[in-house]
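Participant: here is the input, now give the coordinates:
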Amino acid sequence: MEAIAGVEDHPLFAQYPCRTPVWWARVGVVQKNPSLRGVSGRNIVMRIPKQFGRIEGWFASILRAPKEVRRPLDTMNSMLWELCDGSRTFGEVCSIMNEIFNEEIAPVMQRTATAIALLQRNNLMLMLDEPLNDRWTVGPGRIPEHQHLGDLPGDHAYDWSLLEGETL
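Facilitator: Residues are numbered from 1 along each chain as shown. Okay, here's the model as predicted:
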């Protein structure tokens, strides 16, 4: 892996980006295959329950609005999502993203930091000072205790099987 100039000076360099507990799965075919632990190269879809107030909930039930948001990620953000399992530093993630996407992601540190910040604003990612070490579940297909999601239809295309070396 080629070192990125100035990555050691980035304020996030030694921090560990980590997914928060949320239901997610892989879909589609492999886009980019880096052959790394816990990384499939497929696109990611998240299922996030909607939070309704009392009046909003009443309108939502009358209008039969969906009770969850399904958020698909593009190829780059899907790769970032899989890489950010709390075991790799920001510097390592940037190096991998740079190696996989080359000029598509330039400037890699800024684009990676921006994507992580957006996920943080949506409570989908955290920056840790030390590795996650299985303190909470970040694997696919798990409904966190604080979330309530409905059943999926039988014809769904979601794959939440664990990859070799991937932890829950």
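
Participant: tell me the strands in this structure, going along the chain?
Facilitator: Along the chain, counting by DSSP state E, strands occupy 16-19, 23-27, 43-49, 68-72, 125-128.

Participant: okay, the angle between the longest one and strand 23-27?
Facilitator: Put plainly, it is strand 43-49. Counting by axes from the mean of the first three to the mean of the last three Cα atoms, to 10 degrees, strand 43-49 points 150 degrees away from the direction of strand 23-27.

Participant: quick one: strands adjacent to strand 43-49?
Facilitator: Strand pairing for strand 43-49, determined by DSSP bridges: strand 23-27 (antiparallel), strand 68-72 (antiparallel).

Participant: got a pLDDT number for residue 42?
Facilitator: The model reports residue 42 with a pLDDT of 94.

Participant: give the contact list for it.
Facilitator: By Cβ atoms under 8 Å, 6 or more residues apart in numbering, the contact set of residue 42 is 26, 27, 28, 29, 30, 31, 78, 159. Every C-beta, even on glycine, is put in place using the N, C-alpha and C of the backbone.

Participant: centre of the chain to stretch 65-83, how far?
Facilitator: Relative to its chain's centre, stretch 65-83 lies at 7 Å (Cα atoms, centre = their mean, to the nearest Å).
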